[in-house]
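1. I'd like to go over a predicted model; first the sequence, then the structure.
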Amino acid sequence: MSRPATTFWPFDWWLSWWDAFLPEPYVASLTDAGEARTLARLHATAFARPWDRHEFERLLCERSSHAHALWRAGTLQGFVLSRKAADEAEILTVVLAPGVRGGGLSHKLLRAHLAHLAQAGVAHVHLEVDEGNAPALKLYARHGFEQVGARTGYYLKADGSRATALTMRADLA
Ligand SMILES: CC(C)(COP(=O)(O)OP(=O)(O)OC[C@H]1O[C@@H](n2cnc3c(N)ncnc32)[C@H](O)[C@@H]1OP(=O)(O)O)[C@@H](O)C(=O)NCCC(=O)NCCS
């Protein structure tokens, strides 16, 4: 599958080559549909209705998609995936591997992603989040997102119950 053009590509190649020697986690743009299986596996650790590998392959190949991965010691530890239309973008999903949650790395991932979106001409970013998802709500608030609405019963949880989705928006200066 073809790799969409990205301003970060040469730097990403260099980073991936040196990855095994880099002790610190780093964020790089994610365009390789070959990572779809890993994304699906990570997604399944977090959501009752996970997206499968084919869904991620499709998303990664779309020109409107923008994705970043968090790498550490040669392993993809998290990712964020957005879709862009004109000067707006929607964050479709953000996931960190269970073993690295709670360590503040989501800030690094989201900061890099939002900076990339701003550079790509995005002025407004939208997302939906479970109102009970405390880490995600704190993460988004830190990065300038504010609640603009709510969708009662929007999410189906693993136990069959329903949860409210908060809709949030951030304006990228
Ligand atoms: C949401 C997610 C990406 C956040 O990453 P994380 O590594 O867990 O969170 P971080 O350690 O970076 O911390 C983010 C903030 O949440 C806080 N936090 C972390 N765990 C928390 C918890 N269990 N309860 C309350 N707050 C928590 C942190 O203190 C931090 O707040 P701060 O900015 O005020 O310091 C991660 O938890 C995840 O992958 N969850 C599963 C997928 C998911 O829910 N994605 C979001 C869907 S919209």
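-> Thanks, I have the structure now. Just so we're clear, the structure is a prediction, and the values are computed from it rather than from any experiment.
2. does residue 114 count as helix, strand or coil?
-> helix (DSSP: H, G, I helix; E, B strand; the rest coil).
3. does it touch residue 123 like I think?
-> No: at 11.6 Å, residue 114 does not count as touching residue 123 under the criterion of Cβ atoms under 8 Å. C-beta: built from backbone N, CA, C; applies to glycine.
4. between those two, who's got more neighbours?
-> residue 114 (22 against 14; other Cβ atoms under 10 Å).
5. quickly list what residue 130 is bridged to.
-> Taking DSSP bridges, one finds residue 165 as the beta-bridge partners of residue 130.
6. that one: neighbouring residues, count only.
-> What residue 130 shows, counting by other Cβ under 10 Å, is a neighbour count of 16.
7. any idea how far it is from the ligand?
-> 7 Å (Cβ to the nearest ligand atom, to the nearest Å).
8. surely that residue meets residue 164?
-> Yes: Residue 130 lies in contact with residue 164 (Cβ under 8 Å); the separation is 7.5 Å.
9. any residues in contact with both of those two?
-> Counting by Cβ atoms under 8 Å, 6 or more residues apart in numbering, the contacts common to residue 130 and residue 164 are residue 155.
10. what about residue 134, how many residues close to it?
-> Other residues close to residue 134 by other Cβ under 10 Å number 9.
11. same deal with residue 165?
-> 19.
12. just the one 3 residues further on next, same as before
-> By the measure other Cβ under 10 Å, the count of residues near residue 168 is 21.
13. would you mark the buried spots in the strand or helix carrying it?
-> If you go by DSSP states H and E, residue 168 is part of strand 162-171. Neighbour counts over strand 162-171 (16 or more other Cβ atoms under 10 Å) mark 163, 165, 166, 168, 169, 170 as buried.
14. before we move on, back to that, who touches both of residue 114 and residue 123?
-> Taking Cβ under 8 Å, 6+ apart as the contact rule, residue 114 and residue 123 both touch residue 172.
15. alright, calling it a day.
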